[in-house]
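> Make a model of this:
(chains A and B)
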Amino acid sequence: MSLFDRLPRRADPHSLAAPYALDALEHAERVRFERHLDTCARCTAEVRALAEDAVRLAWSTAAPAPAAMRDRVLAAVRTTPQEPAATEPARARATQLPPHVWGAAPPPRTRGRRRATLFVPFATATAAAALVVAALFAVQANGTQERLDAERDRSREIAHVLAAPDARASSGRDARGRTIGVIASASVRGAVVTLGGYGDPPNGRVRQLWLMGADARPRSLGLFEGDAPLVASGLDTAATSLAVTVEPDGGSARPTSRPITQLALKTVGFGE
Amino acid sequence: MEADELLVQVAGGDQKAFEDLYGLVSGPVYGLVRRVVRDPAQSEEVAQEVLLELWRSAARFDPGRGSALSWVLTLAHRRAVDRVRSARAAGEREQREARRGHGPAFDQVAEEVEAGLEREWVRRCLDRLTALQRQSVTLAYYDGYTYREVAERLSLPLGTVKTRMRDGLTRLRDCLGGAA
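Alright, predicted model coming up:
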């Protein structure tokens, strides 16, 4: 390190957004930077964006937690009181935890149009990927060995889609908070689709996924099993959207009811 | 049900919702902590503290500011980094590293994981960064070094490391599907 670098021990706060998002500041510097965030709307927006990026690095490390840990945590929860939401002074929270995460600071005046446009595109992609990951873990948690084997095969297919250079994510959410997420690649003509918040289908019914095109008849991509992601291959790249319908057990040759949800595929590189 | 909704119910004291939330987030939390802390026993301890903190502090989650999963993982990362720094200060880690070989081991925890989906994707995107961007980002995020320590390890000026971190994260964002 050169002398020049050692001299300005107090770095320009704006340049610290990325190290802060990576938790790469020393304690004192972290505290100073968080104080700066209280007064800098631009930095707060930037930190939130970079922190979302950093979190992407976390998802890739997921690993099954030791089984005994579950019992210990759940037992502890039964006897641990919760903290109230708003009664605590903001400052106390800010010194403990990153304000962009905890919602302690900064002031609400930064909730402007500019921030919305800054966040929407990749927040959407992030949410979609989160849905897929969460669904995989739900399956793992409940899985028998047989199911885990099937899941492993499916993971390989999923990895194939993700390994494509043009893999993209998208998601949709309805008014009741139910979600559909897709990660798709036009070059390998594959997609991974998840549903969230729909619960079990009515007795004797299944949810079926369809590929829709402007000129083509809907094509079945398969039936959803529980919460597991559905992997679809051999997709027609001219397809414009996905749709999900509720069908009689075993599925149908063509949709027999109105879709419960639909998702356009343009943002993931289809429909051209 | 999704983590976001569950967390809101947990904030209301719903223990069943916490069990469901545990099912969703314990793997990502444990894996991340394990990646940073490395030592299995310490990792379990930190992960446990994080999960319990979710229960205690669920009311602070603000859905308007991002997803529950991001919130949880940001918290887990912060706790893992705090632990690894104090352990490192105590010299334990250097000894462990000397025994094991060296620095960032991208595959270490990865090998133990079943669900390989985000990992493949992130790995692919990390490969697209320049070497300095990748090292700056991973030494900080996966190994818990401060940017000053990263600068020393890579023999780079501080300003360069900060820029590489920013550029690295921004490029990851583009690759991971930020810009359609």
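> What sits closest to residue 20 if chain neighbours are left out?
Since you didn't name a chain, this refers to chain A. Counting by C-beta to C-beta, 6 or more residues apart in numbering or on different chains, the nearest residue to residue A:20 once its immediate chain neighbours are dropped is residue A:33, at 5.3 Å. For every residue, glycine as well, the C-beta is placed using N, CA and C.
> Chain B is the one I meant
Take residue B:20 and drop its neighbours on the chain: the residue closest to it by C-beta to C-beta, 6+ apart is residue B:6, 5.4 Å away.
> Name the SS class of that neighbour, please.
With DSSP: H, G, I helix; E, B strand; the rest coil as the basis, the three-state label of residue B:6 is helix.
> Would you mind giving the domain segments of chain B?
For chain B, automatic domain parsing gives the domain ranges B:1-102, B:104-180.
> Now distance to residue A:50, mean neighbour count and mean pLDDT too, for the ones you listed, in a markdown table please.
Below are the domains of chain B laid out as a markdown table (distance: least, C-beta to C-beta, whole Å; neighbours: other C-beta atoms under 10 Å in any protein chain shown; pLDDT from 0 to 100):
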| stretch | distance to residue A:50 | mean neighbour count | mean pLDDT |
| --- | --- | --- | --- |
| domain B:1-102 | 11 | 20 | 87 |
| domain B:104-180 | 5 | 20 | 80 |
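> JSON lines for those, including distance to residue A:213?
What follows is these, written out as JSON lines (distance: least, C-beta to C-beta, whole Å):
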{"stretch": "domain B:1-102", "distance to residue A:213": "30"}
{"stretch": "domain B:104-180", "distance to residue A:213": "20"}
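> which residues of the chain fall in helices?
Went with chain A since none was named. Taking DSSP state H as the test, the helices found in chain A are A:3-6, A:17-21, A:27-39, A:41-59, A:67-79, A:90-96, A:99-102, A:113-142, A:145-163.
> Correction: the question concerned chain B.
For chain B, applying DSSP H gives helices covering B:3-11, B:15-37, B:40-57, B:68-89, B:92-100, B:117-127, B:131-141, B:147-154, B:158-175.
> got these as JSON lines, with distance to residue A:224 columns?
Formatted as JSON lines, the helices of chain B follow (distance: least, C-beta to C-beta, whole Å):
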{"stretch": "helix B:3-11", "distance to residue A:224": "20"}
{"stretch": "helix B:15-37", "distance to residue A:224": "18"}
{"stretch": "helix B:40-57", "distance to residue A:224": "29"}
{"stretch": "helix B:68-89", "distance to residue A:224": "21"}
{"stretch": "helix B:92-100", "distance to residue A:224": "43"}
{"stretch": "helix B:117-127", "distance to residue A:224": "17"}
{"stretch": "helix B:131-141", "distance to residue A:224": "34"}
{"stretch": "helix B:147-154", "distance to residue A:224": "44"}
{"stretch": "helix B:158-175", "distance to residue A:224": "29"}
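> And those helices: which comes nearest residue A:67?
If you check each of the helices of chain B against residue A:67 by C-beta to C-beta, helix B:15-37 wins as the nearest, at 10.1 Å.
> elements contacting that closest one?
Where contact means 3 or more C-beta pairs under 8 Å, 6 or more residues apart in numbering or on different chains; DSSP states H and E, helix B:15-37 is packed against helix A:41-59, helix A:67-79, helix A:113-142, helix B:3-11, helix B:40-57, helix B:68-89.
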